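Peer 1: Provided below are the primary sequence and the corresponding predicted coordinates.
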Amino acid sequence: MNTSNRKIVSIGQTSEKGVLSKAQKQFNTLIKKINAEKTRLLEWQQTIPQYHSKVAQDFDVLLASYNAHRVEMVQALDRAYDNKLFKKADRLKIEHLITEMTADLIAGDDNEALKALHNKYSGYDFDAAKQEADDMMGEAMKSMIQGMFGVDLGDDVDVSSPEKLAAMLKTLQDQEAEHQRQAEEKKTKRKKTAKQLENEARQQQEEQTISQSIREVFRKLTSALHPDREQDVAERERKTEIMQRVNAAYAKKDLLRLLELQLEAEQIDQAHLNNIAEDRLKYFNKILKEQLDELQQEILQIEYPFKLQLDLPPYAKLSPHYLLQQLAIDIRNMKHDIAQLRQDIQTFQEPSALKAWLKGYKIPKGPRIEDLDDLFFDDFDPHYRF
């Protein structure tokens with residue numbers, strides 16, 4: 001059913017009551033927030049397939065073309081390197097360019113020809129350096145894990161890759177969870193105080209009342225809408241369709257949706273909503289608060305990998321529109337970069353033109369590609385989830 005056709009659930013202000021109570025105001029606020037989050041979630045669910053389709057059909061195709069042109073550029077620079085026109089300063093710049101580009105290309109494609117060029121101009125063996133960096137990262141991660149969990153992993157534990165690290169963390173987390181379970185088990189065996197027993201009983205009673213509140217709404221709907229009791233074929237089909245929505249809402253404990261369906265089925269009206277008892281509203285509000293929290297958590301889980309990809313902090317706001325907007329910018333920039341590369345490759349066929357370009361090029365200051373930490377620690381994919 002289209003959300004635009006849904007009945008609006010809200011407690012209205014009546015002249016008899018004057019102003020809404022605190023619980024009524026909270027009910028309306030929660031309803032408004034849940035509807036906003038549902039709209040947001042639906043927008044994400046509709047946008048993500050569109051986003052992935054555009055990435056696959058446009059961006060990935062352009063990226064492959066861009067990398068192919070970079071390989072051509074590396075090969076052109078390699079051919080030009082020994083030309084007598086280039087002095088020592090020119091060759092240092094060419095070495096830097098080839099080293100940087102091949103390192104980046106190898107990270108995406110373990111190409112032996114590119115690796116050989118990288119080794120030739122960088123002055124070190126790529127595989128050996130990567131292994132050294134992996135070992136360094138493994139030791140660093142091992143030290144961090146030992147500090148987090150207060151354990152000694154020994155010398156034989158290997159956490160030099162995301163997969164191995166994830167497996168190790170899973171094992172340690174399972175062990176910690178088991179220790180906590182055993183501790184809780186011991187704790188529950190101790191004699192509880194009268195206050196603890198009273199709190200537990202009150203909490204259990206509250207949970208039962210909350211569950212009963214949503215079950216009661218469900219039962220009223222199923223009683224009135226059960227299609228097997230309907231003789232008219234068309235009406236039976238209509239009730240069957242509504243019952244499917246009722247069952248889906250009940251399975252999700254979606255109180256708001258069940259109330260909307262009650263309004264649609266004319267089981268309740270605005271007067272009924274306006275006169276929900278305060279004690280009943282209290283439990284309705286708890287159900288709605290839990291529903292709101294679950295919706296927000298579901299949206300956060302959807303947004304998290306995209307925030308990592310866009311280098312946004314976890315607390316930053318991100319909308320599907322902004323995500324598509326950034327993808328469009330990336331596609332536009334990629335097209336520009338490819339056009340520039342094509343032009344440069346063509347221009348650099350002439351050594352004098354390359355020499356003129358190198359004259360204005362400066363090797364960036366700061367950490368160089370030879371810094372193993374910067375080069376290889378990026379292998380730990382920030383999108384990887386443990």
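Peer 2: Sure thing, it's come through.
Peer 1: Would you map the helices across this structure?
Peer 2: 22-54, 60-80, 88-108, 112-122, 126-149, 162-189, 194-225, 233-251, 255-264, 270-274, 278-309, 320-347, 351-360, 372-376 (DSSP state H).
Peer 1: any idea how far the third one is from the chain center?
Peer 2: Here helix 88-108 shows a centroid-to-chain-centroid distance of 34 Å under the convention Cα atoms, centre = their mean, to the nearest Å.
Peer 1: circling back: looking at the helices of the chain, which is buried most?
Peer 2: Highest mean neighbour count of the helices of the chain: helix 255-264, a mean of 22 (counted as mean count of other Cβ atoms under 10 Å). All C-beta atoms are positioned from the backbone trio N, CA, C, and that covers glycine.
Peer 1: can you give me the angle it makes with helix 278-309?
Peer 2: Here helix 255-264 points in a direction 120 degrees away from that of helix 278-309 (axes from the mean of the first three to the mean of the last three Cα atoms, to 10 degrees).
Peer 1: Give me the contacts around helix 255-264.
Peer 2: 6-9, 31, 34-35, 213-214, 217-218, 220-221, 242, 245-246, 248-250, 268-269, 273, 284, 287-288, 291 (Cβ atoms under 8 Å, 6 or more residues apart in numbering).
Peer 1: on that earlier part again, turn the helices of the chain into TSV, including mean pLDDT and distance to Asp155.
Peer 2: Output for the helices of the chain, formatted as TSV (pLDDT from 0 to 100; distance: least, Cβ to Cβ, whole Å):
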stretch	mean pLDDT	distance to Asp155
helix 22-54	94	43
helix 60-80	95	40
helix 88-108	92	29
helix 112-122	93	30
helix 126-149	80	9
helix 162-189	77	14
helix 194-225	74	46
helix 233-251	86	51
helix 255-264	84	56
helix 270-274	83	67
helix 278-309	90	33
helix 320-347	96	44
helix 351-360	94	48
helix 372-376	42	22
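Peer 1: Nearest to Asp156, out of the ones you listed?
Peer 2: Nearest of these to Asp156, taken as Cβ to Cβ: helix 126-149 at 10.8 Å.
Peer 1: ok, back up a step: as TSV, the helices of the chain with distance to Gln13 would be great.
Peer 2: Formatted as TSV, the helices of the chain follow (distance: least, Cβ to Cβ, whole Å):
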stretch	distance to Gln13
helix 22-54	9
helix 60-80	55
helix 88-108	61
helix 112-122	71
helix 126-149	53
helix 162-189	48
helix 194-225	23
helix 233-251	27
helix 255-264	18
helix 270-274	8
helix 278-309	15
helix 320-347	35
helix 351-360	71
helix 372-376	62
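Peer 1: List the residues that contact the residue lying closest to Ile48 once chain neighbours are set aside.
Peer 2: The shortest distance from Ile48 to any non-neighbouring residue, by Cβ to Cβ, 6 or more residues apart in numbering, is to Ile302 (7.3 Å). By Cβ under 8 Å, 6+ apart, Ile302 lies in contact with 41, 44, 48.
Peer 1: could I get the residues you listed as a markdown table with distance to Leu114?
Peer 2: Output for the contacts of Ile302, formatted as a markdown table (distance: Cβ to Cβ, whole Å):
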| residue | distance to Leu114 |
| --- | --- |
| Leu41 | 43 |
| Trp44 | 38 |
| Ile48 | 34 |
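Peer 1: and of these, the nearest to Ala76?
Peer 2: Ile48 (39.7 Å).
Peer 1: roughly how far apart are Pro364 and Phe149?
Peer 2: Distance from Pro364 to Phe149, counting by Cβ to Cβ, to the nearest Å: 40 Å.
Peer 1: er, Gln173 I mean
Peer 2: 9 Å.
Peer 1: Ok, Gln262 next?
Peer 2: 50 Å.
Peer 1: And for Tyr124?
Peer 2: 35 Å.
Peer 1: now do Glu37
Peer 2: In terms of Cβ to Cβ, Glu37 sits 36 Å off from Phe149.
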